[in-house]
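# pasted the sequence and its predicted model underneath.
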Amino acid sequence: MKKRTILKSCKFSALFLALIIFYDGYADASNYVKVATIGTTPVLDEKQEPQALVDEVIEFWGRKLAQVLPDKPDLIVLPEICDLSAAGKEYLNVRKNQVLDYFASMAKKHSCYIAFGMFREENKDVWRNSCVVLDRKGDIAGIYDKNYPTIGEMEMGIKAGNTAPIIQCDFGRVAAVICFDLNFDELREKIANEKPDLVIFSSMYHGGLVQGAWAYSCRSFFAGSVYKGNPSEIRNPLGDVVASTTNYFDFAVANINLDNDLVHLDYNWERLTTLKEKYGPAVTISDPGQVGAVMVSSEDKNIPVSRMIKETELELLDDYLNRAREFRKKDGNMK
């Protein structure tokens, strides 16, 4: 009788330990997410009747989505005002939610998130330039309103947003920015402080080197969809391009691992060697060169990168930079 009690106790302890491990984040580590970007926008005869334009916009995006759907993406990113919503008030009055409803039906049918840009009437006479993120059921997961519309946009009646919400998706935490936003450091710093896993960028311009700066500053992946003529790129937290559209293909798909962290090389050289020796192919160390920081990613579904870093006492990039800031303040180090 006593033996059976002990056995039951052991089973209960094992189950309790398994639950602790699960809720501590150790049961699901490597977090691969398939992201698709489509970098084009319909060019149609805007002299048509508004409903005909709406129908053509929907037909256009049906063809474009068909290019990436075979890859079964978790997220599809589309450009700013991708639904011709800059065509004028007559068009907008007819369009209403038709294009949004179409994208919602596709998100639900294919069980993926879709992020797209549109002019949106928030309430009477208040128009926004928005990035709408739909979830796998076709419901709205979140909306970001462009914080920094151009002067021209505001002159035509677009109101500036003043928040940068983090949108919780089933694969991670997502932020969004639109076009001209990329120029404003205060917005980048606000988003960086929220530590998103991914930044969505719907745009009509590329931004050049600033895209990489955003990815590195936010310590996040960066998925850009840019209105025709420029590459639409997906970048890792080091700012490196991992997938891009080309002059031949207006779409790109990447399988990105959100279970990662950045560490500086200072004081970490031997620890990185220990990390690789201990985990072998279960860990990836990515070096972009020249910046003195590397990205550590877990390839193990049971061991998150946070645990790997803790076990090998690696110092995170931000922790190291903060330590340097504090050391600078000590007596004799600053005059």
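Great, that's in hand. Everything numeric in this text was worked out from a predicted model, so none of it was measured.
# return the backbone torsion pair for the residue lying closest to residue 69 once chain neighbours are set aside.
Closest residue to residue 69 apart from its sequence neighbours, by Cβ to Cβ, 6 or more residues apart in numbering: residue 110 at 5.7 Å. (C-beta placed from N, C-alpha, C; glycine too.) The phi/psi pair for residue 110 (degrees, to the nearest 10) reads phi -110, psi 10.
# SS state for residue 153?
The three-state assignment at residue 153 reads helix, by DSSP: H, G, I helix; E, B strand; the rest coil.
# shift numbering so it begins at 29
I'll keep to 29 as the first residue from here, and by that count the last item is residue 181.
# low-confidence ranges in the chain?
Along the chain, the model assigns pLDDT under 70 to residues 29-56.
# quick check: domain ranges of it?
With domains defined by automatic domain parsing, the chain comprises 60-285, 287-363.
# dump those domains to CSV, plus mean neighbour count.
Formatted as CSV, the domains of the chain follow (neighbours: other Cβ atoms under 10 Å):
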stretch, mean neighbour count
domain 60-285, 19
domain 287-363, 15
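# does the residue most central in space within the chain have beta-bridge partners, and which?
Of all residues in the chain, the one closest to the mean position by Cα atoms, centre = their mean is residue 226, 2.4 Å from it. Beta-bridge pairing for residue 226 (DSSP bridges): residue 202, residue 249.
# wait, what's in contact with it?
Neighbouring residues of residue 226 by Cβ atoms under 8 Å, 6 or more residues apart in numbering: 61, 63, 103, 200-203, 248-251, 284, 286.
# ok, longest strand in the protein?
Longest strand of the chain, by residue count under DSSP state E: strand 141-151.
# show me what it is packed against.
strand 103-105, helix 126-138, strand 154-162, strand 168-173, strand 226-231 (3 or more Cβ pairs under 8 Å, 6 or more residues apart in numbering; DSSP states H and E).
# can you give me the helices for the stretch 229-363 of the chain?
Secondary structure of the stretch 229-363 of the chain by DSSP state H, counting those that start in this stretch: the helices cover 237-246, 297-307, 333-339, 345-357.
# got those as TSV, with distance to residue 129 columns?
What follows is the helices of the stretch 229-363 of the chain, written out as TSV (distance: least, Cβ to Cβ, whole Å):
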stretch	distance to residue 129
helix 237-246	31
helix 297-307	47
helix 333-339	39
helix 345-357	42
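# go ahead and confirm residue 307 touches residue 328.
Yes. Residue 307 is within contact range of residue 328, at 7.2 Å (criterion: Cβ atoms under 8 Å).
# not counting sequence-adjacent ones, nearest residue to residue 108?
Residue 108 sits nearest to residue 145 (Cβ to Cβ, 6+ apart), 3.8 Å away.
# ok, now which ones touch that neighbour?
Taking Cβ under 8 Å, 6+ apart, we find residue 145 in contact with 106, 107, 108, 109, 110, 157, 158, 159, 160, 206, 230.
# I'd guessed residue 272 sits against residue 258; true?
No. Counting by Cβ under 8 Å, residue 272 stays clear of residue 258, with 10.2 Å between them.
# that older thread, select, out of the helices of the stretch 229-363 of the chain, the one closest to residue 277.
Closest to residue 277 of the helices of the stretch 229-363 of the chain, according to Cβ to Cβ: helix 237-246, at 19.3 Å.
# show me what that closest one is packed against.
So helix 237-246, by 3+ Cβ pairs under 8 Å, 6+ apart, packs with helix 213-221, strand 226-231, strand 249-254, strand 261-263.
# 6 Å instead, please
helix 213-221 (3 or more Cβ pairs under 6 Å, 6 or more residues apart in numbering; DSSP states H and E).
# other SSEs contacting the helix it packs on?
helix 237-246.
# quick check, residue 101 in a helix?
No. Residue 101 is assigned coil when assessed by three-state DSSP, not a helix.
# that one contacts residue 140, correct?
Yes. With contacts counted by Cβ atoms under 6 Å, residue 101 reaches residue 140, the gap being 5.4 Å.
# ok, the residue lying closest to residue 222 once chain neighbours are set aside - contacts?
With Cβ to Cβ, 6+ apart as the criterion, residue 222 has its nearest non-adjacent residue at 5.1 Å, and that residue is residue 194. By Cβ atoms under 6 Å, 6 or more residues apart in numbering, the contact set of residue 194 is 201, 203, 222, 224.
# JSON lines please, covering the contacts of residue 226 and showing distance to residue 268.
Output for the contacts of residue 226, formatted as JSON lines (distance: Cβ to Cβ, whole Å):
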{"residue": "61", "distance to residue 268": "17"}
{"residue": "63", "distance to residue 268": "15"}
{"residue": "103", "distance to residue 268": "19"}
{"residue": "200", "distance to residue 268": "19"}
{"residue": "201", "distance to residue 268": "21"}
{"residue": "202", "distance to residue 268": "20"}
{"residue": "203", "distance to residue 268": "19"}
{"residue": "248", "distance to residue 268": "13"}
{"residue": "249", "distance to residue 268": "10"}
{"residue": "250", "distance to residue 268": "10"}
{"residue": "251", "distance to residue 268": "13"}
{"residue": "284", "distance to residue 268": "11"}
{"residue": "286", "distance to residue 268": "16"}
